[in-house]
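Visitor: quick one: sequence and predicted model below, then my questions.
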Amino acid sequence: MLPAAPHLITVDATHRVSALLLLPPAARACFVMAHGAGAGMAHPSMEAPATELYALKIATLRYQFPYMEAGGKRPDPPKVAHAAVRAAVAAAASALPQLPLFAGGKSFGGRMTSQAQAAAPLAGVRGLVFLGFPLHPAGKPSHERGEHLFAVDVPMLFLQGTRDALAALDELEPLCRQLGRRATLRLFPDADHSFHVPARSGRTDAQVRDEMLDALADWIDAVLGEAPAR
């Protein structure tokens with residue numbers, strides 16, 4: 001396990017949240033990574049991507065939303081979540097002023113980041129990354145939760161499993177086409193919302209995660225106009 005540097009982020013007058021910074025030598029970017037609704041920043045679903053991105057020379061700042069910091073189960077209202085996103089981005093910019101920033105995260109965390117960006121640009125953020133964008137509730141296909149994405153003016157990367165119950169492809173693919181050049185969609189066959197694949201797929205979850213993070217690193221290089229440096 002890599003040693004992550006702990007940080008404490010002030011969200012507002014009543015909320016402070018924990019964060020973990022992993023900074024590899026010769027890092028070329030930092031991904032400010034928010035957790036999903038059900039598991040915090042220390043969960044393996046967050047730690048494993050941060051560790052692998054470290055090997056790809058991408059720093060990560062993982063942080064808690066206030067409800068998770070307090071041990072609650074019900075996600076924060078958007079106003080509070082958006083404030084946490086902004087505070088985390090500002091903390092990353094302060095800690096790593098030399099690095100270009102990207103923001104996003106898993107499921108709920110990615111959607112709160114995009115909503116914050118749509119409301120008012122996140123200072124210094126070059127693009128958004130979604131590790132499974134939750135476009136609609138399970139079993140209720142819709143694209144309404146993606147309408148705010150048309151107000152986002154930075155590049156967006158959607159990393160999605162083809163079996164994601166929260167993002168039906170017949171809703172997600174047209175949305176990404178309508179977003180035009182701002183949106184890049186990478187699909188991972190047989191993966192669900194947690195990027196788990198069944199044994200019959202012939203692949204493991206770890207292999208899917210490797211493919212996903214390689215795609216993320218390549219996309220960051222493309223946004224920055226750099227050749228991959230691995």
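Guide: Perfect, I can see it now. Residues are numbered from 1 along each chain as shown.
Visitor: what residue ranges in this structure score low on pLDDT?
Guide: Counting by pLDDT under 70, the chain contains low-confidence residues at 1, 226-230.
Visitor: residue most distant from the centroid, it?
Guide: The outermost residue of the chain, judged by C-alpha distance from the chain's mean C-alpha position using CA atoms, centre = their mean, is Arg200 at 27.9 Å.
Visitor: what is the longest helix that the chain contains packed up against?
Guide: Longest among the helix segments of the chain by residue count, using DSSP state H, is helix 205-224. Helices and strands touching helix 205-224, by 3 or more CB pairs under 8 Å, 6 or more residues apart in numbering; DSSP states H and E, are strand 29-34, helix 44-55, strand 58-63, strand 125-131, strand 156-161, strand 183-188. In short, each C-beta sits where N, CA and C put it, glycine included.
Visitor: with only the CA atoms kept, save the fifth one in CSV.
Guide: Going back to what we said before, that points to strand 156-161. Output of strand 156-161 as CSV, limited to C-alpha atoms (Å, rounded to 0.1, in the frame of the first residue of the first chain):
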residue,chain,number,x,y,z
MET,A,156,-15.4,14.9,-20.5
LEU,A,157,-14.5,11.2,-20.4
PHE,A,158,-17.2,8.6,-19.8
LEU,A,159,-15.8,5.2,-18.7
GLN,A,160,-18.8,2.9,-18.7
GLY,A,161,-19.6,-0.8,-18.4
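Visitor: list the neighbouring strands of it plus their orientation.
Guide: When sheet partners are counted by DSSP bridges, strand 156-161 sits next to strand 125-131 (parallel), strand 183-188 (parallel).
Visitor: sorry, back to before: could you say which one of the helices and strands packed on helix 205-224 comes nearest to Arg16?
Guide: The stretch from the helices and strands packed on helix 205-224 with the least distance to Arg16 (CB to CB) is strand 58-63; that distance is 10.8 Å.
Visitor: neighbouring contacts of the closest one?
Guide: The set of residues that contact strand 58-63 without belonging to it, under CB atoms under 8 Å, 6 or more residues apart in numbering, is 4, 7, 9, 17-24, 27-35, 41-42, 46-47, 49-50, 53-54, 84, 88, 91-92, 95-96, 99, 216-217, 220.
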